[in-house]
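>>> What follows is a predicted protein model with its sequence.
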Amino acid sequence: MKKVIRAIVSGMVTLSFIGVYAVPSSWAVTDEQFQALQKKVDDQNQLLQQLLKQNQQYQQEIQDLKQQQGQTEQTANQAVQTAQAAQAQASKGVQPVAAAAYNVPMENHNFMLVGDGEVKWSGAGGNGKARGSYGLADFAPIFLYRANDKVLFEAGFDTTIANSSFDTTNSPNPGAVKTSTGGNQGYSTTFNLSFAQLDYVFNRYITLIGGLMVLPLGTYSERSAGWLNKLPDDPMARSLLIGSGVGAQLRGAKSIGDNGAQLTYSVYTVNGGHAIDNTSYATTIDSSSNTIQNFDPTGNVNNLNRQPSEGGRIGWFYPFKPHYDVELGLSGQTGEWNTDGKVWQAGVLDAAIHLSPYFETKGEYIYTRQQTIDLGTIDPKGWWLQSSFKMSYFNWDVPVIPNTELVFRYDTVDNDIGNLTNSAKVSRRFEPGLVYYINNTLWLKGSYEKTFNSDGVPSSNEWILELSYGF
């Protein structure tokens, strides 16, 4: 641009001088004419200086734009790295702190405390007699520690106080409360380590986990238990499964297409369940002379089997549009449950569907197989289906209703053992309920349970209220 401006000005000056010296001598230039020409030349020089100054301003603006472009690209790269780390952790249900996106030092966000707490009231009725009490208070903190973008640690604890029966053993009168120091006080307090695991993020597709883990047998334990459960209790068939185990796991997800569809996977090996009394009998006798199921699903460290179990889950998630999606999953586990070499196996088919922000349906079919000495191979199984609908769909300008969600669950379980004390082989339960959202983290839940049992065990009904808070 400088060259063009200078060429224009030079041409104008040259033409001016040519006009002066090319005229005949009879056309003498007066002082007034010369001064006028001089003024034109000065004006052209002034214009040239203005154009040069403007050109410098343009050049400076170009440099500023290039610098801003570099900063924008750097910020975009940081956002991509943060998103990749978030996607790697999202597959295991942990929401990372995206400190880089806010230019906040990561060391300020290495530690987080989350969790939930509940208090529950229940009232049962039968034979014309109703009773009710506050039967449970629970505090479940979860500690999250992030060493860096690849190393994570998480641990959850469960502290519970619950009602328990009085010990009347050796009481002087039938039904009298035992007065010796060995008796309990009508309640029990427990403190358990629910899970404690170390995670190493290889990349956006693979995460290695080791420790005491919540097992991906279905999706209920990882996504719906505790505060996230919209009803105050668990589906009955979940008692057939091992909830956690000590071992190692690989898990991750892979995007399919560009619409948000994902294929998720997990494979693991853990100690597995074991027999309570170190035998392969289906049942055993507890300290109160009750016949109970011999299989212990806790999967602790000192388990009584010859080798660990193996399991895993594969899932498919497909979104149609925002708030409209479907997910299907198939999971299972197999392994010995005693030193006799008897095998315990489980398989879970899970499904969930969301139709708008207001309606969801989800459920699981659970099948287990257990080899025993006394009953041969037994097949405990069950399933549950739960639907919910948010009343905010109607957009009614009335109190309470917009913050209420209606919930209904049907569940059934077949223990395949009909000789347990006060236990039915098959139970079916209908449970309507609701959730009132005081705010996003403080929920008031209520439900009515009606349970029908087989083997002559009376049916039962119960009202349950629960106040739960997630933090």
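Cool, got the structure. Computed from a prediction, not measured in an experiment: that's the story for all the values here.
>>> for the stretch 51-200 of the chain, what spans make up the strands?
With strands called from DSSP state E, counting those that start in this stretch, the stretch 51-200 of the chain shows them at 111-126, 129-146, 151-163, 187-201.
>>> Out of the ones you listed, flag the one nearest Lys425.
Taking C-beta to C-beta, strand 111-126 is the member of the strands of the stretch 51-200 of the chain nearest to Lys425, at 20.3 Å. Backbone N, C-alpha and C define where each C-beta goes, glycine included.
>>> and that closest one, which residues are buried?
For strand 111-126, the neighbour count (16 or more other C-beta atoms under 10 Å) marks Gly115, Asp116, Gly117, Glu118, Val119, Lys120, Trp121, Ser122, Ala124 as buried.
>>> mind checking how far the closest residue in space to Arg251 that isn't next to it in sequence is from Gln307?
Nearest non-adjacent residue to Arg251, counting by C-beta to C-beta, 6 or more residues apart in numbering: Ser266, 3.7 Å away. According to C-beta to C-beta, to the nearest Å, Ser266 and Gln307 sit 20 Å apart.
>>> Comparing the two, which residue is more hemmed in?
For Ser266 and Gln307, the more surrounded residue by other C-beta atoms under 10 Å is Ser266, and the numbers stand at 24 against 11.
>>> Let me know whether that one touches Gly329 as I believe.
No - counting by C-beta atoms under 8 Å, Ser266 stays clear of Gly329, with 10.0 Å between them.
>>> Between these two, which contacts overlap?
By C-beta atoms under 8 Å, 6 or more residues apart in numbering, Ser266 and Gly329 have these common neighbours: Arg313.
>>> where are the low-confidence patches of the stretch 1-150 of the chain?
For the stretch 1-150 of the chain, the stretches with pLDDT under 70 are 1-29, 33, 69-109, 125-131.
>>> Quick one, which of the strands of the stretch 51-200 of the chain gets closest to Val435.
Per C-beta to C-beta, nearest to Val435 of the strands of the stretch 51-200 of the chain: strand 111-126, 13.0 Å.
>>> Mind listing the strands the closest one pairs with, and their directions?
If you go by DSSP bridges, strand 111-126 pairs up with strand 129-146 (antiparallel), strand 460-470 (antiparallel).
>>> Pick the most buried one from the ones you listed.
Of those, the one with the most neighbours on average (mean count of other C-beta atoms under 10 Å) is strand 460-470, at a mean of 18.
>>> Put the alpha carbons of that one into PDB.
Taking C-alpha atoms only, strand 460-470 is exported to PDB below (Å, rounded to 0.1, in the frame of the first residue of the first chain):
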ATOM      1  CA  SER A 460     -47.700 -56.900  54.100                       C
ATOM      2  CA  ASN A 461     -48.100 -53.200  53.500                       C
ATOM      3  CA  GLU A 462     -46.000 -50.300  54.600                       C
ATOM      4  CA  TRP A 463     -45.800 -46.500  54.300                       C
ATOM      5  CA  ILE A 464     -42.400 -45.000  54.000                       C
ATOM      6  CA  LEU A 465     -41.200 -41.300  54.100                       C
ATOM      7  CA  GLU A 466     -37.600 -40.300  53.600                       C
ATOM      8  CA  LEU A 467     -35.800 -37.000  53.600                       C
ATOM      9  CA  SER A 468     -32.600 -37.100  51.600                       C
ATOM     10  CA  TYR A 469     -29.900 -34.600  50.800                       C
ATOM     11  CA  GLY A 470     -27.100 -34.900  48.300                       C
END
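>>> Extract the residue ranges of the stretch 201-350 of the chain that are flagged as low pLDDT.
In the stretch 201-350 of the chain, residues with pLDDT under 70: 299-304.
>>> Around Val214, how many other residues sit close by?
Neighbour count for Val214, taken as other C-beta under 10 Å: 19.
>>> again, but for Asp64
Number of residues near Asp64 (other C-beta under 10 Å) recorded here: 10.
>>> now do Thr441
Per other C-beta under 10 Å, the neighbour tally for Thr441 reads 12.
>>> I figured it hits Ser468, correct?
No - contact between Thr441 and Ser468 fails when scored by C-beta under 8 Å: they sit 9.0 Å apart.
>>> quick revisit: what are the buried residues along the host helix or strand of the residue nearest to Arg251?
Counting by DSSP states H and E, the element that carries Ser266 is strand 261-270. Neighbour-count burial for strand 261-270 flags Gln262, Thr264, Tyr265, Ser266, Tyr268, Thr269, Val270 (criterion: 16+ other C-beta under 10 Å).
>>> Quickly note the distance from the residue lying closest to Ala351 once chain neighbours are set aside to Gly315.
Nearest non-adjacent residue to Ala351, counting by C-beta to C-beta, 6+ apart: Leu328, 5.4 Å away. The gap separating Leu328 from Gly315 is 7 Å, by C-beta to C-beta.
>>> ok, those two, which is more surrounded?
Gly315 (20 against 14).
>>> Contact partners for the more buried one?
By C-beta under 8 Å, 6+ apart, the contact set of Gly315 is Thr219, Leu263, Thr264, Tyr265, Glu327, Leu328, Gly329, Leu330, Asp350.
>>> so who does Asp350 touch?
Neighbouring residues of Asp350 by C-beta under 8 Å, 6+ apart: 218-220, 315, 327-331, 362-365.
>>> Ok, which of the strands of the stretch 51-200 of the chain comes nearest Pro319?
strand 187-201 (24.1 Å).
>>> if we can go back for a sec, may I have the beta-bridge partners of the residue nearest to Arg251?
Where Ser266 sits in a bridge, its partners, by DSSP bridges, are Arg251, Arg313.
>>> quick one on the thing from earlier: okay, the buried residues of strand 111-126 in CSV with distance to Asp258 next?
As requested, the buried residues of strand 111-126 are exported to CSV (distance: C-beta to C-beta, whole Å):
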residue, distance to Asp258
Gly115, 36
Asp116, 36
Gly117, 41
Glu118, 41
Val119, 46
Lys120, 45
Trp121, 49
Ser122, 49
Ala124, 53
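>>> show me the contacts for the closest residue to Leu250 other than its chain neighbours.
Among residues not flanking Leu250 along the chain, Val267 sits closest, at 5.3 Å (C-beta to C-beta, 6+ apart). Listed by C-beta under 8 Å, 6+ apart, the contact partners of Val267 are Gln249, Leu250, Arg251, Glu310, Gly311, Gly312.
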